[in-house]
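>>> pasting the sequence and the predicted coordinates here, then a few questions.
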Amino acid sequence: MAAKTDDKEKGYLCEKVLPYESKGNKKEQITSMFNSISEHYDLMNRAMTMGIDIVWRRKAINSIKSFQPKFILDVATGTGDFAIESYKKLHPEKVIGIDLSKNMLEIGKIKVAKQSLGGKIELTEGDCMNLHYDNSIFDAVTVAFGVRNFESLEKGIKEMNRVLKKGGHLVILEMSEPFTVFKPFYYLYAKFVIPSVGRFYSKDAKAYQYLPQSIDAFPKGKEMTTLLEKCGFSEVKHRRFTFGVCAFYLAKK
């Protein structure tokens with residue numbers, strides 16, 4: 001399925017995919033969904049990826065280690081895993097993690113406090129469509145498994161570009177479809193296993209039906225690279241991990 005909508009409808013198909021059939025824009029529905037599943041979110045991530053998501057995060061963080069970023073913004077930080085791992089691996093002066101979901105952030109704040117990182121990692125409510133930060137202040141912006149949830153993909157990426165310093169880097173991790181030979185197994189897993197595990201761990205089965213639908217609709221490879229360049233980035237690098245099921249993008253402002 002092509003990620004781009006037709007010419008009569010501006011935007012990307014992932015912007016049209018919603019978790020619920022109820023009223024409300026994507027931002028409202030995404031906020032509600034993550035508030036609903038926050039209690040089981042970390043457990044579900046480990047179960048669905050068999051723990052490989054931890055390896056993906058470390059690879060993404062290592063990609064900017066040589067640039068020694070001092071001030072990092074982690075967008076769609078969720079329960080703070082990427083923000084915490086970034087601080088441990090990169091030792092910046094500060095990491096700020098933002099998310100729409102209060103419930104996810106509360107869990108993240110508990111993690112930060114347990115590791116005595118409160119002075120180094122700040123988790124706060126924030127929306128990538130309208131970042132409350134000045135232009136050109138962050139050395140790096142990261143977003144792990146959250147870009148496909150943006151209400152406006154182009155607007156969100158441009159906002160991340162705006163707050164980055166010249167020469168700063170954007171790191172994106174996102175779920176993707178596997179290489180062709182693995183697709184039949186992936187579709188069975190996405191259609192039956194993920195929703196079943198979601199129903200077992202969470203009362204919100206819709207959230208785990210939304211996951212494979214949003215992955216399918218998200219722009220991939222060259223299309224995503226082109227979008228990043230359109231939004232002001234250069235030197236875009238793209239890799240895929242674990243049979244293609246995770247996409248990695250590194251871009252420079």
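That came in fine, so what should we check first? Residues are numbered from 1 along each chain as shown.
>>> in this protein, which strand is the longest?
strand 164-175 (DSSP state E).
>>> and the helix or strand just after that one, what's its mean pLDDT?
Next along the chain after strand 164-175, taking DSSP states H and E as the criterion, comes helix 183-188. The average of the pLDDT scores along helix 183-188 is 82.
>>> ditto for stretch 11-26
Per-residue pLDDT over stretch 11-26 has a mean of 90.
>>> CA-only coordinates of that stretch in PDB, if you can.
The C-alpha trace of stretch 11-26 is given here as PDB (Å, rounded to 0.1, in the frame of the first residue of the first chain):
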ATOM      1  CA  GLY A  11      -1.000  14.300   3.600                       C
ATOM      2  CA  TYR A  12      -0.100  10.700   4.200                       C
ATOM      3  CA  LEU A  13      -2.300   7.700   4.800                       C
ATOM      4  CA  CYS A  14      -0.800   7.200   8.300                       C
ATOM      5  CA  GLU A  15      -2.400  10.500   9.300                       C
ATOM      6  CA  LYS A  16      -5.800   9.000   8.400                       C
ATOM      7  CA  VAL A  17      -5.400   5.800  10.400                       C
ATOM      8  CA  LEU A  18      -7.100   6.200  13.800                       C
ATOM      9  CA  PRO A  19      -7.200   3.800  16.800                       C
ATOM     10  CA  TYR A  20     -11.000   4.200  17.300                       C
ATOM     11  CA  GLU A  21     -14.100   4.700  15.300                       C
ATOM     12  CA  SER A  22     -15.300   7.300  17.700                       C
ATOM     13  CA  LYS A  23     -15.200  11.100  17.100                       C
ATOM     14  CA  GLY A  24     -12.000  13.000  17.700                       C
ATOM     15  CA  ASN A  25      -8.900  14.000  15.800                       C
ATOM     16  CA  LYS A  26      -5.800  11.800  15.700                       C
END
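>>> the nearest residue to residue 220 once chain neighbours are set aside - how many residues pack around it?
Nearest non-adjacent residue to residue 220, counting by CB to CB, 6 or more residues apart in numbering: residue 176, 5.8 Å away. C-beta here means a position set from N, CA and C on the backbone, and glycine is covered the same way. By other CB atoms under 10 Å, 22 other residues sit near residue 176.
>>> so residue 176 sits right up against residue 249, yeah?
No. Between residue 176 and residue 249 there is no contact under CB atoms under 8 Å: 10.6 Å.
>>> just checking, what packs against the helix or strand hosting residue 28?
Element membership for residue 28 (DSSP H and E) is helix 26-37. Where contact means 3 or more CB pairs under 8 Å, 6 or more residues apart in numbering; DSSP states H and E, helix 26-37 is packed against helix 102-114, helix 205-217.
>>> mean neighbour count, the ones you listed: which tops it?
Mean neighbour count, computed with mean count of other CB atoms under 10 Å, is highest for helix 205-217 among the helices and strands packed on helix 26-37, reaching a mean of 19.
>>> helix 26-37 and that helix, what's the angle between them?
Interaxial angle of helix 205-217 relative to helix 26-37 (axes from the mean of the first three to the mean of the last three CA atoms, to 10 degrees): 130 degrees.
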